[in-house]
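Engineer: the following block contains a protein sequence and its predicted model.
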Amino acid sequence: QNIHEVAFVMAHELAHNLHQDVKGRRTSNQAGENQFKEYNDHAMKTGGEPVTQNSPEVHLALGINGEISRAFEAEADAEALRLMAHAGYDPMQGIAYFKGREHEDAGSDHPAFADRLSAGEALIQREGLMEIYRQNVIP
């Protein structure tokens, strides 16, 4: 809806990069890929049914489960709000995207919109991000 929401999305993705979330997933994925290969090797030897990489079992084995992803997303939201405030973007406007979507399905790999909204508002209050934003906003 506005430049602040765009800044939030960009800062959110930047936060994933700063936190090396992809690297963390890759590390857990390597162990999961070994399990995936072992499972399918065993299935082939015993006449069992091999699984595909898109099956839910594989997503769990590869660490793509919702719990890990939701934690990465929550951390990226928090870091994005901090980055926004320091860069002169309104963090309250940044999380405005979540308002009105509290009852929508955010997907199993993201926190619920209502949770993201309340966590964002609490973080903004707790860390004084509105004051930081006011100090950094460009007139």
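Structural biologist: The structure has been received and is ready for your questions. Numbering: from 1, shown residues only.
Engineer: helix or strand right after the helix or strand of the chain with the lowest mean pLDDT?
Structural biologist: The weakest-scoring helix or strand in the chain, judged by mean pLDDT, DSSP states H and E, is helix 56-61 (a mean of 55). Downstream of helix 56-61, the first helix or strand assigned by DSSP states H and E is helix 66-87.
Engineer: that next one packs against which elements?
Structural biologist: The contact analysis (3 or more C-beta pairs under 8 Å, 6 or more residues apart in numbering; DSSP states H and E) places helix 66-87 against helix 3-18, helix 21-46, helix 91-94, helix 113-126, helix 129-136. C-beta: built from backbone N, CA, C; applies to glycine.
Engineer: and those helices, which one averages the lowest pLDDT?
Structural biologist: Per-stretch mean pLDDT for those is lowest at helix 21-46 (a mean of 58).
Engineer: how about the secondary structure of His103?
Structural biologist: coil (DSSP: H, G, I helix; E, B strand; the rest coil).
Engineer: and for it, the neighbour number?
Structural biologist: 8 (other C-beta atoms under 10 Å).
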